[in-house]
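# Build me a structure from this.
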Amino acid sequence: EGPVRFRELERRLYPITQATLTRALRQLEDDGLVHREVYGTIPPKVEYSLSKRGMSLIPILVAMCEWGSIHKND
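Numbers count the residues shown, from 1 in each chain. All right, here's what the predicted structure looks like:
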């Protein structure tokens, strides 16, 4: 979908706490799965997006979701 700001991620992942989301984003960035873009504006603006490495996981995650849907009632 493109870059997303922190508050939007927090809203989409409700009821995640701010601290948990911050830790998760830092870890994903350290792992090279998420790119963090900081803009030098006032107020500061930060956007998060999937890196190429992160995008390469999409087919795997889709396959896992499909598998889960097929086997959820087993």
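
# element containing G2?
For G2, there is no host helix or strand (DSSP states H and E).

# so what's it closest to, chain neighbours aside?
Nearest residue to G2 in three dimensions, chain neighbours excluded: S49, at 6.5 Å (C-beta to C-beta, 6 or more residues apart in numbering). Quick note: C-beta positions are derived from backbone N, CA and C, even for glycine.

# How about E37?
E47 is the one closest to E37 (C-beta to C-beta, 6+ apart), at 4.8 Å.

# tally of neighbours for the one you found?
16 (other C-beta atoms under 10 Å).

# Unless I misread the structure, it falls within a helix.
No. Counting by DSSP: H, G, I helix; E, B strand; the rest coil, E47 is not part of a helix but strand.

# what about the strands in this structure?
4-5, 34-39, 45-50 (DSSP state E).

# buried residues in the last one?
Neighbour-count burial for strand 45-50, with 16 or more other C-beta atoms under 10 Å as criterion, is recorded at 47-48, 50.

# before we move on, what about stretch 64-74?
For stretch 64-74, using 16+ other C-beta under 10 Å, no residue counts as buried.

# and what of stretch 2-22?
So for stretch 2-22, counting by 16+ other C-beta under 10 Å, buried means 6, 10, 21.

# For the last one, which non-adjacent residue is closest in space?
With C-beta to C-beta, 6+ apart as the criterion, L21 has its nearest non-adjacent residue at 5.7 Å, and that residue is E10.

# Could you dump the strands of the chain into CSV with distance to R26 and mean pLDDT added?
Compiled in CSV, those are given as follows (distance: least, C-beta to C-beta, whole Å; pLDDT from 0 to 100):
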stretch, distance to R26, mean pLDDT
strand 4-5, 16, 98
strand 34-39, 9, 98
strand 45-50, 11, 98
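
# quick one, what contacts R5?
45-48 (C-beta atoms under 8 Å, 6 or more residues apart in numbering).
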